[in-house]
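A.B. asks: 3D, please:
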Amino acid sequence: MLQERSYTIEEVAQLLKVSKLTTYDLVKKGDLPVFRVGRQMRIDALDLEAYIGKQKIINTDATLKPMTRDHQTIIISGQDLVLDLLGKYITKNNYFTTLRSHEGSLNGLIALYKGDIDIASLHLYDGDTGEYNVPYVKKFFVSQPYILFNVVSRKAGFYVQKDNPLNIRSFKDLANPNVFIMNREKGSGARTLLDEQLRINHIIPSTINGYNREEANHLGVATAVANGEANVGIGIEKTAKLVDVDFVPFIDESYDIVLLKTKKNNLLIEEVKNILTSEAFHSELSSIGGYDFSKTGTIIHETF
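C.D. replies: Sure thing, here's the model as predicted:
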């Protein structure tokens, strides 16, 4: 018997020996009930035990039907807190319940392609075109119609130590043997920006000190720079204001979301469009600060 306690998504994935995305999918389908502690989703041990027991019954009787739901559970992938705000607004429609997955941009697209999530956020720079997101979405969803909305624009650049003692101004400066970076994880938007810039500037990643050191979010990178573990990291301006580092802007990045155009998603797409273009949503973005929402709600690309 499982102890009478609750588990995080990660702990449940380990107990069931499945991936986190598979666990999120069980939650999405209503097979695993969840409750929230702050922003964290947790699963009661008794509910997990009941699920395991149910699977044993299902395996002996293929005629049993899965549970039905009278609402739609939506999983939004991405790390920016603006997605929490979007989820809050979506949930105001009683038809929807929203959950959050904090995957990076590329992993979010993969999860959307596999049907594990419903909304994928992304900020993926393409060095060949200078565009954000559209080149990647076109490659992922060749035969699936989709719609790509702008959520916000953000400034991306370098976290550097106070007064920028090594005068880091460009990606070419990262090749300086005295410079050590703190990188982001593979598949994140910040990592993609770095890798694309190294590629088009003909810089070999292995020549960058610290290239293989990774943090899982902007705050971790900025904190590493502030603590002297690194001289520089790639991230967004908003996070620099939370940590004792300076910020050198490099590019305005488009932070977008993509949804697949299916019959099931018709209501969700209309709801998201109405939210992103609403004065109430823009007002809350303005109060948070650090975002350019002049294009929020704009359809960046759509297929039919």
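A.B. asks: Now do the strands in the stretch 151-300 of the chain.
C.D. replies: 181-184, 214-215, 232-236, 246-260, 299-302 (DSSP state E, counting those that start in this stretch).
A.B. asks: What pairs with the shortest one, parallel or antiparallel?
C.D. replies: Strand partners for strand 214-215, identified by DSSP bridges, are recorded as strand 181-184 (parallel).
A.B. asks: which other residues reach the strand it pairs with?
C.D. replies: Under the criterion C-beta atoms under 8 Å, 6 or more residues apart in numbering, residues 104, 174, 190-191, 194, 208-218, 220-221, 224-225, 229-235 lie in contact with strand 181-184. Where C-beta positions appear, they are placed from N, C-alpha and C, glycine not excepted.
A.B. asks: most neighbours per residue, which of the strands of the stretch 151-300 of the chain?
C.D. replies: Across the strands of the stretch 151-300 of the chain, averaging neighbours per residue (mean count of other C-beta atoms under 10 Å) puts strand 232-236 on top, at a mean of 27.
A.B. asks: Show me what it is packed against.
C.D. replies: strand 146-160, strand 181-184, helix 189-200, helix 218-226 (3 or more C-beta pairs under 8 Å, 6 or more residues apart in numbering; DSSP states H and E).
A.B. asks: I'd like the ones you listed written out as CSV, with distance to residue 303 and mean pLDDT added.
C.D. replies: Supplementary listing: the helices and strands packed on strand 232-236 in CSV, determined by distance: least, C-beta to C-beta, whole Å; pLDDT from 0 to 100:
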stretch, distance to residue 303, mean pLDDT
strand 146-160, 6, 98
strand 181-184, 29, 98
helix 189-200, 22, 98
helix 218-226, 31, 95
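A.B. asks: Ok, which of the ones you listed comes nearest residue 90?
C.D. replies: Closest to residue 90 of the helices and strands packed on strand 232-236 is strand 146-160 (C-beta to C-beta; 12.7 Å).
A.B. asks: orientation of that closest one relative to helix 189-200 in degrees?
C.D. replies: 80 degrees (axes from the mean of the first three to the mean of the last three C-alpha atoms, to 10 degrees).
A.B. asks: helices and strands around strand 146-160, which ones?
C.D. replies: helix 82-91, helix 134-140, helix 218-226, strand 232-236, helix 237-240, strand 246-260, helix 266-276, strand 299-302.
A.B. asks: looking just at contacts, which helices and strands does the fifth one meet?
C.D. replies: With contacts defined as 3+ C-beta pairs under 8 Å, 6+ apart, the packing partners of helix 237-240 are strand 146-160, helix 218-226, strand 246-260.
A.B. asks: ditto for the second one
C.D. replies: For helix 134-140, the packing partners by 3+ C-beta pairs under 8 Å, 6+ apart come out as helix 105-114, strand 146-160, strand 299-302.
A.B. asks: and the ones you listed, which is most packed in?
C.D. replies: Most buried among the helices and strands packed on helix 134-140, counting by mean count of other C-beta under 10 Å: strand 146-160, with a mean of 23.
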